[in-house]
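In: here's a sequence, model it:
(chains A and B)
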Amino acid sequence: MRDTRRTRVVLFVLLVAALALIALNYSDGNNSALRAVRNAGGAIFGGAENAASSVAGFFGGGGSATQVKGLQEQVDKLRAELSAEQLSKSDYAQLRKLLLLAGAAQYRIVAASVVAVGTGYQQTVTIDAGSSAGIKPDETVINGQGLVGEVTAVTAGTSTVLLASDPSEVVGVALAPTGQLGWVSGPGKTAGSSGLMKLQMLSSAAVLKPGDQLVTSASVNDRPFVPGVPVGQITKLVVQNGALTESAMVRPFVDFSALGVVGVVITKPAHNPRFAALPPLPHPGPTVTVTVAPRASRSPTPGSSGGTPGTGG
Amino acid sequence: MRKAWLGRWLAPVLILVALVVQLTVLNGLRLPGGGVPDLVLVLVAVLAMTEGPVRGMIIGFAAGLCLDLAPPASALIGQYALVFCLAGWGAGRLSGFAGRSALRAVVSVAVVVACAEALAAGLSLVLEHAQVPTAEVRSVLPVSIVYDLVLCPFVLYLVALASALLADGVAGGVRQGLLVSAFLPERATTRKQHKRRQPRLAEAAARAGDGWLGGGPGRHPGAHPGVGQRASTKAASRLRPANGVPGSASGLARHPGRPATTPAQFKVAGRRRRDGAIGSVVGSGLGRNWQPSRHPGLLAGAGREFRPRHGDLGGSAARLRPVARKSSRRGRAAIRFGAHRGDASVGRSLGSSWLATPGRAPTPRLRLAGRHSPALGQLNSGLTSLRGQSAIGSGGVPRLRMAATRMAGTTGRPAAAVPRLDFRTRQSAPGRRNPAAPKFRRRNRLGPSAVAFGLVSGGTLDQSTFRAARRQLGTPRLRLARGRRSTGTLGTGTFAARPGSALRRRPLRLGKQPRFGYGRRSLLSRLAATRAGGRWLGRTQAGRRSGVYLLGRRSGGQTGGLE
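Out: Next comes the predicted model:
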């Protein structure tokens, strides 16, 4: 079978058009015409996605409905803040946690919902708030658990968020008790199996142990990451022969596959919240263990002391 | 066509729905392995299968562009447009391969989707190498492809069902085998029972393959796998001797002692779109009632009668003289192709006439091997016996010349491994081909239907028949429903038998095409309209002036004439 002439012509035209678009985009990503096109596409499809995701409560399972009890008095206020007509219980729980976190760290946030997830190999999501809500690119996105990602593109009504679990996303972090600096990079889409971020410390003097918690350290001008956002908890140390610094696997606080209500930090905190936003360690017991047990008896079981807060967190 | 406008909107609506579903639901799924199925890509491939390469390309480009622009777009604009455009084109081209077979359709879509996924991954690796790590692609890509393949059959079915329902309602869905017939009210049920009384072929209409995606091949009379297309012998059985006709059991009983004066009734089942390929050709050479501008398949489909002329293959044997043979053996001649009894329409038509010729003693039994390509020896033997009996026409003993050096298998050269069938009448001078004499050449495998068709043609296209036909009836105009310019379908613009326009291509608008004798268009074939499997349709004209069309595998519609 051969193509007819018409087929060939159409194919040629379409391929050239696609290649031209790619080339234009590749050479100059901030081309104003392209941005206008993207904005238009965002307006159209963002609306459709909003409608669709409100029809299908698709990320339903994220929240814990059991914590809703006793918080009825806050419902009205929170609903007003989100300006959503109706909040599901899980949304409510997520929003509550988000506001608690933002309050603890003194962030000023814009709440939004995840309405779509990107196709392809980058892990991006769309949220239903954009520049009209004051969101700008390179802002930090959080939810009630911790760091979600950063805003990479903004249209009037939607924003694109690059998740912290994307392998190309590198986040500077500070170790909770000591303030030692390092960075974590995302696990990528294979997160279904492990989902662990990789932590690399900057200083060779840093000592890691399982159960340590991480928060973001301040980026330059607090973009894209404001300081103090909880990132994750060390679950396992990685032994690398010949490595100068320590590295570890970090379980992120955020479940990146079940995102619902998120918040964009639109105003950086006046001062570094340090570790204020971290979830409290459930058992302060390990300090007791340290004081009581002699070094010799403790060393054979290093995992037991660290394992307790790890499971509790 | 009813609800034609709905059909036109089917593809865009489906694409948009799939896009939103993909972005809001599917991409958020937590599936093992990290990949998610790409519904839009699968849908593009499926739609391209039904709509052909051109529309497939356009659909793919549009869908890809939407995906590039829809908000969480991280890729460069045009990236998915490029990939999906190529996917649409590829799927459209593969739709011919898919034909009416559901399995082949699924395989085609799967191949296209897998290639497109790989291409998309490669493109993002090249264009976004800073953002997309290779290890990620390597682990996610196979999983995504697997999920896509899982999705393929369902999307294929749903698209087929949607288009069937849009086109013909529930009845259409049932006829396509897409719905259980419990959905169908009275009418279709009775029709089915009626068919059950017909010999053998009745059930074929409800087969799932009928009018399947890309099932255009089924729609036209004459839409038939080309000469030598061995597979899908199922499709060959569209010619059916009806009750009371020589060849059917009742016909045998009715006229025990006389030559068949009863007009032969060739029925081409009207609702089967793929029927009539061979039947129409045979009929065109045969029918006394055959009229210009009337397609014989049309006649048959409309239940009209025509009678084979004496001397015609499959025709009356009134003037045939018995030829003594040693092993004179009464009985029904049968050329059987294929394992199914309903197959071998040609054989059946042959048998039908010979059967009704009780005066004629020797009826050879030609039997070609079932599903296999006949060996040369078998071919020769069959033709020899045919010649020996001289039953076909006064002058038209076919001579089969098969250039030995071109036979597949005899020489190893792939380019030369083209069997060439050359039929001539005996009268024609050796070096000169009579313009009215048919000449067939095919370039592909030699299959049973090729031989079958050769036999038939050799019998049909004898000189007297043609002269008579031309004298009496003029040039036939075969025009079938919904020809497209370049599909090579009988009666399409390229192929119109009118001498003046033999080479003129004319894109015909679908809605204005006359449809002869076929009640409704197939459902899916509405979607598949542009492709229509015309490729398989004979577009080889056996002698431009002879007005008889033969099946050929040549496609593309570039040349209108004799090969």
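In: low-confidence ranges in chain A?
Out: Across chain A, the ranges flagged by pLDDT under 70 are A:1-2, A:29-30, A:55-88, A:190-194, A:281-313.
In: and stretch B:91-100, what's buried?
Out: Buried residues in stretch B:91-100, counted by 16 or more other Cβ atoms under 10 Å in any protein chain shown: B:Ala91, B:Gly92, B:Arg93, B:Leu94, B:Ser95, B:Gly96, B:Ala98, B:Gly99, B:Arg100. The C-beta positions use only the backbone N, C-alpha and C, and glycine is treated the same way.
In: among the residues you listed, which are located in helices?
Out: In this view, the buried residues of stretch B:91-100 that belong to helices under DSSP state H are B:Ala91, B:Gly92, B:Arg93, B:Leu94, B:Ser95, B:Gly96, B:Ala98.
In: the residues you listed also near chain A: which ones?
Out: Filtering those for neighbours of chain A using Cβ under 8 Å from any Cβ of the partner chain leaves B:Arg93, B:Gly96.
In: what's the closest of the ones in helices among the buried residues of stretch B:91-100 to chain A?
Out: B:Gly96 (5.5 Å; Cβ to the nearest Cβ).
In: quick one: that closest one from B:Val109, how far?
Out: For B:Gly96, the distance to B:Val109 (Cβ to Cβ, to the nearest Å) stands at 14 Å.
In: B:Leu19 too?
Out: Distance, B:Leu19 to B:Val109, by Cβ to Cβ: 18 Å.
In: so the two - more neighbours on which side?
Out: For B:Leu19 versus B:Val109, neighbours defined as other Cβ atoms under 10 Å in any protein chain shown are more numerous around B:Val109 (31 against 23).
In: so the more buried one sits right up against B:Leu47, yeah?
Out: No. Taking contacts as Cβ atoms under 8 Å, B:Val109 lies outside contact range of B:Leu47: 10.1 Å.
In: any chance of CSV for the buried residues of stretch B:91-100, columns pLDDT?
Out: As requested, the buried residues of stretch B:91-100 are exported to CSV (pLDDT from 0 to 100):
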residue, pLDDT
B:Ala91, 91
B:Gly92, 89
B:Arg93, 88
B:Leu94, 87
B:Ser95, 83
B:Gly96, 81
B:Ala98, 77
B:Gly99, 72
B:Arg100, 72
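In: what residues are up against residue 107?
Out: You didn't pick a chain, so chain A it is. Applying Cβ atoms under 8 Å, 6 or more residues apart in numbering or on different chains to A:Tyr107 gives the contacts A:Leu101, A:Ile142, A:Val226, A:Gly263, A:Val265, A:Thr267, A:Lys268, A:Pro269.
In: wrong one, chain B
Out: With Cβ under 8 Å, 6+ apart, B:Val107 has these contacts: B:Ala98.
In: helix, strand or coil: sort out it for me.
Out: Classification of B:Val107 by DSSP: H, G, I helix; E, B strand; the rest coil places it in helix.
In: could you measure from it over to B:Gly35?
Out: Counting by Cβ to Cβ, the gap from B:Val107 to B:Gly35 is 21 Å.
In: can you check A:Ile142 too?
Out: 27 Å.
In: and the two? Which one has more around it.
Out: A:Ile142 (29 against 23).
In: B:Ala91 against B:Met57, yeah?
Out: No. B:Ala91 is beyond contact range of B:Met57, at 9.6 Å (criterion: Cβ under 8 Å).
In: list the residues that contact both of the two?
Out: B:Ala48.
In: A:Gly211: which element?
Out: Using DSSP states H and E, A:Gly211 maps to neither a helix nor a strand.
In: what's the burial count for it?
Out: Neighbour count of A:Gly211, defined by other Cβ under 10 Å: 21.
In: right, and it touches A:Gly232 too?
Out: No. With contacts counted by Cβ under 8 Å, A:Gly211 stays clear of A:Gly232, the gap being 11.2 Å.
In: so how far is chain B from the residue most central in space within chain A?
Out: By Cα atoms, centre = their mean, chain A has its centre lying nearest to A:Val148, at 1.2 Å. Taking Cβ to the nearest Cβ, to the nearest Å as the measure, A:Val148 falls 13 Å from chain B.
In: how about the secondary structure of that residue?
Out: A:Val148 ends up strand, using three-state DSSP.
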